[in-house]
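Trainee: Any chance you can model this:
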Amino acid sequence: MNEIQLKDAKAKLSAVIDEAMNGNGAIITRHGRKEAVVISFQEFERLSRAVPSFAWLLTHSPLEEGDLPERKPARALRDPQF
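Mentor: From the prediction side, this is the model:
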């Protein structure tokens, strides 16, 4: 993956997108720090399906009652305004 400065990416955005669509994504840097990544939408969809969401993991957990230790109740808020 190529690194490109933000100002250069702005100047040639079409070329950066064309490269991403050809499988060559780009890391966008600003002031020498990595800030963003440009990848094709196809690659984004592939990556989105590869990692399940936390909600999915919770709802499909094989845990049964008693598998986790009991939790203490949450402390009450000290300020009655809330």
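Trainee: for this protein, what spans make up the helices?
Mentor: 6-11, 13-21, 41-50, 54-59 (DSSP state H).
Trainee: Determine which of those helices approaches residue 65 most closely.
Mentor: Comparison of these against residue 65 by Cβ to Cβ identifies helix 54-59 as nearest, at 15.0 Å. C-beta: built from backbone N, CA, C; applies to glycine.
Trainee: With distance to residue 66 and mean neighbour count added, can I get the helices of the chain in TSV?
Mentor: TSV is the format used below for these (distance: least, Cβ to Cβ, whole Å; neighbours: other Cβ atoms under 10 Å):
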stretch	distance to residue 66	mean neighbour count
helix 6-11	53	13
helix 13-21	49	15
helix 41-50	32	10
helix 54-59	17	9
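Trainee: Which one of those helices lies nearest to residue 27?
Mentor: Proximity to residue 27, assessed across the helices of the chain by Cβ to Cβ, is greatest for helix 6-11 (9.8 Å).
Trainee: And the closest one, what does it pack against?
Mentor: Helices and strands touching helix 6-11, by 3 or more Cβ pairs under 8 Å, 6 or more residues apart in numbering; DSSP states H and E, are strand 26-30.
Trainee: Just the mean pLDDT for the strand it packs on, thanks.
Mentor: Averaging pLDDT along strand 26-30 yields 97.
Trainee: Lowest average confidence across helices and strands of this structure, where is it?
Mentor: helix 54-59 (a mean of 84; mean pLDDT, DSSP states H and E).
Trainee: rewinding a little: which stretch in the helices of the chain is the model least sure about?
Mentor: Of all those, the minimum mean pLDDT falls on helix 54-59 (a mean of 84).
Trainee: Quick check: phi and psi at residue 52.
Mentor: phi -70, psi 150 (degrees, to the nearest 10).
Trainee: circling back to that earlier point, could the helices of the chain go into CSV alongside distance to residue 31?
Mentor: What follows is the helices of the chain, written out as CSV (distance: least, Cβ to Cβ, whole Å):
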stretch, distance to residue 31
helix 6-11, 9
helix 13-21, 19
helix 41-50, 26
helix 54-59, 32
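Trainee: between those helices, which one is nearest to residue 30?
Mentor: Nearest of the helices of the chain (Cβ to Cβ): helix 6-11, 4.7 Å.
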